[in-house]
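> output the structure for:
(chains A and B)
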Amino acid sequence: MSDTREVLMKVEDLKTYFPVRKGVFKRTVGHVKALDGVDLEIYRGETLGIVGESGCGKTTLGKSVLRLHNPNGGKVFYAFPDGMRNILELKGGELDEARKRLQIVFQDPYSSLNPSFTIFGSFDDPLRKFGVKSKKERQRIVEKLLSDVNLPGDYMMRYPNEFSGGQRQRIGIARALSVNPELIVCDEAVSALDVSIQAQVLKLLRQLQSERNLTYLFITHDLSVVEYVADRIAVMYLGKVVELADTEELFMRTLHPYTQALLSAIPIADISKKRKRIPLQGDVPSPVNPPSGCTFHPRCAFATEKCRELSPQLETFTFEGREHHVRCHYAMDFASRPQGSHQSIQ
Amino acid sequence: MKQDTIVEVKDLCVNFYTNQRCNRALRNVSFSIRKARTLCIVGESGCGKSVTANSIMQLLPDLGRIESGTITYHGEDETVHIEKLPRNGRKMRSLRGEHIAMIFQDPMTALNPVFSVGYQIEEMIREHLELSRARSSEHAVKLLRDMGVPLPEQRVKEFPHQYSGGMRQRAMIAMAMACAPKVLIADEPTTALDVTIQAQIFELMLALKEEKQMAILLITHDMGVVAEMADDVAVMYMGNIVESGTAEQVMSSPSHPYTRALLDSIPVLGRGKAQNLEPIRGTTPDPYNRPEGCQFEPRCDYATEICRHQMPPEEFVDTSAGDDTPHMVRCFNCKELTHV
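Numbers count the residues shown, from 1 in each chain, chains lettered A, B, ... in the order given. Sure thing, here's the model as predicted:
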């Protein structure tokens, strides 16, 4: 199935560490391993959902592939018209070219727009930078963009404080679209919005995707949202991808114990559905000093001696022609159990 | 009034006065919190959920005032009219914490960063129960242990910044539970937490409800939390309770157009990509420039002429079921809607 799709971005063993500094001389005493070897492929035109708890590195991943952070290791290949090239090695004009194809929509619509610029002012710089010389032309483009996100064109002369959260987020999306990108990183793009507004933005994102053949890297902590928007989902835990599969496949055949617990912890807005919870003990360990072996073992109900010592690799299984990547020693045991039964194991 | 009602709120109106303008934040809100049951108040931001909780505790800011209506606390041997008490009077201070306790959304800002967690719990115990210093510190350790904080003897000496988000919320609940209150008011207690930690906190709250027969008022914006936790539900919109009843009634047969729209606009886990999200059109109105009649009228698909001019009264649908929480709806057209 995957070989028929075109790979737009390929992330290999991506590592981003943040130094922890202490003392008078700000000596580096350790590193927060925000991304500790992430491998991913993003196909053209799909939505890849990244889910995980806070501190698992989802936002760092989004920013690292855009080079808003400088990763410490690994490669990010992107399909430019002249072939795959590593974004992390690009410089100057080449990087600008890449940035034109890669855009981001931020979480907080209040802090991601400059309050002292009009909306047109916020759009102006990227448009000028990417070669639209005449002001008339730029105004026409901004008007078109605003109408694409269902806002009146004359709003461009207003300031951000005149807009509600949902409107600002739509402006944020319009700004990301202004340079005609191919891939948009949506970093918790709907998390700060009220539910009724969230639905508007989700529908808009879907509609834009089908109109412009966009690819989304959709980062969120909300699994209900990701199930609605994503074609494939990657679950992250402590800087690593622990499970990656097609959305349906992931929900039907959840293989990693962490994903199982995460799914069972989500409150479902449907009173007829009562499930058994898989309680997770304790908190996410510190990424400065992650546990040995499988990083999930201190909270895992199925952990054995092997898990404590040996770090599992991301393995690929194929079920009914669909790929399913899991980072667990016992994934095959979960897979061989009858459908759905592992949801009720304590 | 039912036998097991502990807090009864009737026709509560709260106004905020700012810059010569008046925001009628709560308008004729009525509900009752009952023993060993969880009442969830659900609504979008700015609908008055937190104002409701803060009015019960008399924690409104100076600009806010209870204009009319009653808040009655039915204690074991006394009935107190909370709205008549002076805000920081002796009686109100003894009610807070001892009879009605509250936990807040963000445990980091609710806890004092310069005192140890143990000190803050003990302060509560010494204020309300006449215990010696040694006994109260024992009690604090026991409370933390009951709330599932590991190594409580050591953790009481630590400061809030040394706790993780989930542990801080547990410490807050320990503090709230210190005097075994009859009512626990939880204002979005898990909004700042991850889902796995949220599940832990809810487990704890459910256990406390069962064990101590405590009444819980849970404020949330998440319909999933309502389905999971609530016995009774009140849906708020722009300062009104537009629909209330048991969780079963409200979630399975929503009768107010707003409740329906709200339920149709959220993605539900397990329904996949096929589900059709219906966003609610428009935005919530400006609280200083409210619609004249029904607050939801400008966004409502079923609005008629009368909705534009009059606030619908409380109407009871489906009283035949004989359930002791009646299913209340504030909508002129709810009768017609039930058949749609």
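> buried stuff in stretch A:80-98?
Of the residues in stretch A:80-98, those scored as buried under the neighbour-count criterion (16 or more other CB atoms under 10 Å in any protein chain shown) are A:85, A:87-88, A:90, A:98. For the C-beta atoms, the positions are set from N, CA and C on the backbone; glycine is no exception.
> apologies, that question was intended for stretch B:172-186.
Using 16+ other CB under 10 Å as the test for burial, stretch B:172-186 gives B:172-179, B:181-186.
> in which helix or strand does the closest residue to B:Thr72 other than its chain neighbours reside?
Using CB to CB, 6 or more residues apart in numbering or on different chains and skipping the chain neighbours, the partner closest in space to B:Thr72 is B:Glu8 (4.6 Å). Take DSSP states H and E as the rule and B:Glu8 turns out to sit in strand B:5-18.
> mind checking the pLDDT average for the following helix or strand past that strand?
Going down the chain from strand B:5-18, the next helix or strand is strand B:21-34, by DSSP H and E. Strand B:21-34 shows a mean pLDDT of 91.
> helices or strands up against the longest helix along chain A?
Using DSSP state H to define each element, chain A has its longest helix at helix A:195-212. With contacts defined as 3 or more CB pairs under 8 Å, 6 or more residues apart in numbering or on different chains; DSSP states H and E, the secondary structure elements packing on helix A:195-212 are helix A:165-177, helix A:223-229, helix B:257-264.
> could these be laid out in JSON lines, adding distance to B:Gln105, mean pLDDT and mean neighbour count?
Listed next are those as JSON lines, based on distance: least, CB to CB, whole Å; pLDDT from 0 to 100; neighbours: other CB atoms under 10 Å in any protein chain shown:
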{"stretch": "helix A:165-177", "distance to B:Gln105": "18", "mean pLDDT": "90", "mean neighbour count": "23"}
{"stretch": "helix A:223-229", "distance to B:Gln105": "21", "mean pLDDT": "90", "mean neighbour count": "23"}
{"stretch": "helix B:257-264", "distance to B:Gln105": "20", "mean pLDDT": "92", "mean neighbour count": "22"}
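> would you convert these into CSV that also reports distance to A:Glu323?
CSV is the format used below for the helices and strands packed on helix A:195-212 (distance: least, CB to CB, whole Å):
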stretch, distance to A:Glu323
helix A:165-177, 29
helix A:223-229, 18
helix B:257-264, 34
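> for those helices, which one sits closest to A:Pro152?
Go through the helices and strands packed on helix A:195-212 one by one with CB to CB and the one that ends up closest to A:Pro152 is helix A:165-177, at 10.4 Å.
> elements contacting the closest one?
If contacts are counted by 3+ CB pairs under 8 Å, 6+ apart, helix A:165-177 sits against strand A:102-105, helix A:119-129, helix A:135-148, helix A:195-212.
> ok, the residue nearest to B:Leu263 when sequence neighbours are not counted - how many residues close by?
With CB to CB, 6+ apart as the criterion, B:Leu263 has its nearest non-adjacent residue at 5.9 Å, and that residue is B:Pro254. Using other CB atoms under 10 Å in any protein chain shown as the criterion, B:Pro254 is surrounded by 24 other residues.
> secondary structure element for B:Pro254?
When elements are defined using DSSP H and E, B:Pro254 is found to belong to no helix and no strand.
> quick one: secondary structure of the closest residue to chain B within the stretch 151-300 of chain A?
Using CB to the nearest CB, the closest approach of the stretch 151-300 of chain A to chain B is made by A:Pro267 at 3.2 Å. Secondary structure for A:Pro267, judged by DSSP: H, G, I helix; E, B strand; the rest coil, is coil.
> next: B:Ile219.
Looking at B:Ile219 with three-state DSSP, the answer is strand.
> and for A:Val195, nearest residue in space, chain neighbours not counted?
Leaving aside its sequence neighbours, A:Val195 sits nearest to B:Ile266 (CB to CB, 6+ apart; 5.1 Å).
> residue ranges with poor pLDDT in chain B?
Along chain B, segments meeting pLDDT under 70 span B:1, B:318-324, B:338-340.
> just want the most central residue of it.
Nearest to the mean C-alpha position of chain B, counting by CA atoms, centre = their mean, stands B:Ile219 at 3.2 Å.
> endpoints of stretch A:86-105, how far apart?
Taking CA to CA, to the nearest Å, stretch A:86-105 runs 23 Å from one end to the other.
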